[in-house]
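Participant: Sequence first, predicted model second:
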Amino acid sequence: MLIPSLRIPAAALAVLGAALAGFVVGVIPFALIYAPALAIVSGRTYRDFVSFSPFPNDVINVGYGNMVWGWLVEWLSLDAGSEHVLAVTPGMTAIFLVLAFRLHKNAPRAAQRPWQLTFFVVCALVSIVSWLLVTRIGTFCLFWVVHYVVPGASGIRAGGRIQLLANIWVAAGLAVALQYWIDTAPSARRRSRVLWSGIILAFCLIEQMNTLPGRTLSRSREFAWLATVPPPPAECGAFLVNTRTQTRNFLNDDDALWLSWQTGLPTLNGESGWAPPGWTLNDKNVDYFDAALRWIARTGVKEEVCTFGGDDAGTWSKFR
C-alpha cells in the first residue's frame, strides 16, 4: 500500500519557521513575567477576559478622532475604551485582504508558485484568525478554548492587543502584494498600477492619523527629572516613593518604576492590572505607610527600606 507523502513548499516552510522562531523568542519574556505571577494568583477568569473583548462592529473602531473613520465610530456610538479601539486600521486591512485574494485567485497554475502567494495566505490568516479569536458575540468568544487549554493563557486580560502583533503582518502583506501586483502587470498597465499603489498607500497613511491627543511620555522630560535624583544611600536595599510630596506635584507607582530602573533597587510600589494578595498600597481607604509596613511584614523583607520624596528636593530617607 502506497501512502502519498506530504510535501510542504519551501516558501511555506520558511514562513512557518520564521513564525515559530518569533513565537519562541516572544514567549520567553512572557513566561519570565507571568510564570511567577501565576504562581501567586490563579490568573484571570474567562469573564475578566471577555469583558474586554471587542464586538463584531468594533471591526471599524479606531476611535472618535480618526480622520477617516472617526465620524462613523461616533455615529455608531462604539465604545471608545482603550481595549476596544483597533490597532489595525480597517481600510488597510480590507484592501490587503481583497488584493491578496484576487492575486491568489488569478495566479497561473504552476508547479512552483511564487513565494509572494504563500506570504499573502499567511498574512491573511494571521489577520483573520487573530480577529475571530478574540471577538465576542454576547459572552461567547473562541478564546474560551485558549483560555482553558493553553498554559498561562489565563494571564491575558485583553486579547484584542494581539493586533499590536498582527498589524505588522497586514502592513508587510500589503507592501508585498502591491509590489507583486506591479511586477506581474502587462507593460501597458504597469504605470497605472504604480499610480494606484501610490494612492492606496497615501490612503493608508491618512487612515493612521488621529486628531485626539493621546497619553504621551516625554523621554527628555523623564530623563531630565531622573538626572536630578541623588543616588540612594548605600544601606538602602529597597524603597518606596513618598506620596506625601510636593516634588513634581506628586510621586506615583510609575515614578517608582523609573527610579527602580535607574537605581537598580527593588521597589515596594508597582503598576499592574492585578495586585498580589496583601498588597494595598494603592487602597485609598488604607493608610499608605501602614500598608507598606504590613506588606514588608507579610513578605518578610529583610533589607533596609528607604523612601524617596517628601520634600521639594526629592531626598532619600530611612523608612524603617
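Facilitator: Received, thanks.
Participant: Got phi/psi on residue 208?
Facilitator: Backbone geometry at residue 208, expressed as degrees, to the nearest 10, gives phi -80, psi -10.
Participant: what residue ranges in the protein are flagged as low confidence?
Facilitator: The chain contains residues with pLDDT under 70 at 1-9, 11-12, 82, 110-111, 213-216, 244-249, 311-313.
Participant: Spell out the residue ranges of the strands in it.
Facilitator: Applying DSSP state E to the chain gives strands spanning 136-137, 140-141, 238-241, 305-308, 316-318.
Participant: got these as JSON lines, with mean neighbour count and distance to residue 271 columns?
Facilitator: C-betas here are computed from N, CA, C, even on glycine. Listed next are the strands of the chain as JSON lines, based on neighbours: other CB atoms under 10 Å; distance: least, CB to CB, whole Å:
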{"stretch": "strand 136-137", "mean neighbour count": "16", "distance to residue 271": "27"}
{"stretch": "strand 140-141", "mean neighbour count": "16", "distance to residue 271": "27"}
{"stretch": "strand 238-241", "mean neighbour count": "24", "distance to residue 271": "12"}
{"stretch": "strand 305-308", "mean neighbour count": "23", "distance to residue 271": "16"}
{"stretch": "strand 316-318", "mean neighbour count": "15", "distance to residue 271": "21"}
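Participant: In the chain, which helix is the longest?
Facilitator: If you go by DSSP state H, the chain has its longest helix at helix 10-40.
Participant: Just give the closest residue to residue 295, not the sequence neighbours.
Facilitator: Leaving aside its sequence neighbours, residue 295 sits nearest to residue 279 (CB to CB, 6 or more residues apart in numbering; 5.7 Å).
Participant: Give me the neighbour count for that neighbour.
Facilitator: Look at residue 279: counted by other CB atoms under 10 Å, it has 20 neighbours.
Participant: Could you measure from it over to residue 32?
Facilitator: According to CB to CB, to the nearest Å, residue 279 stands 20 Å off from residue 32.
Participant: Likewise for residue 144?
Facilitator: Counting by CB to CB, the gap from residue 144 to residue 32 is 26 Å.
Participant: same deal with residue 179?
Facilitator: The gap separating residue 179 from residue 32 is 38 Å, by CB to CB.
Participant: Between the two, which has more neighbouring residues?
Facilitator: residue 179 (12 against 9).
Participant: show me the contacts for the more buried one.
Facilitator: By CB atoms under 8 Å, 6 or more residues apart in numbering, the contact set of residue 179 is residue 116.
Participant: How much space separates it from residue 275?
Facilitator: If you measure residue 179 against residue 275 using CB to CB, the figure is 49 Å.
Participant: I'd like to know how many residues surround the closest residue to residue 119 other than its chain neighbours.
Facilitator: The shortest distance from residue 119 to any non-neighbouring residue, by CB to CB, 6+ apart, is to residue 176 (5.5 Å). Residue 176: 19 surrounding residues under other CB under 10 Å.
Participant: need the contact list for residue 176.
Facilitator: Contact analysis of residue 176 by CB under 8 Å, 6+ apart lists 116, 119, 120, 123.
Participant: Isn't the third one up against residue 104?
Facilitator: Looking back up the chat, that one is residue 120. Yes: taking CB atoms under 8 Å as the definition, residue 120 is a contact partner of residue 104 at 5.7 Å.
Participant: Name the residue in these two with the higher neighbour count.
Facilitator: Using other CB under 10 Å as the criterion, residue 120 and residue 104 rank with residue 120 on top: 24 against 16.
Participant: And that one, how far from residue 173?
Facilitator: 6 Å.
Participant: Between these two, which contacts overlap?
Facilitator: Listed as contacting both residue 120 and residue 173 by CB under 8 Å, 6+ apart are residue 100.
Participant: domain assignment for the protein?
Facilitator: 10-207, 219-318 (automatic domain parsing).
Participant: what about the helices in the chain?
Facilitator: Going by DSSP H, the chain shows helices at 10-40, 46-50, 70-75, 90-106, 115-134, 143-149, 163-183, 190-207, 219-227, 253-263, 288-299.
Participant: gap between the second one and the chain center?
Facilitator: Spelled out, that is helix 46-50. 18 Å (CA atoms, centre = their mean, to the nearest Å).
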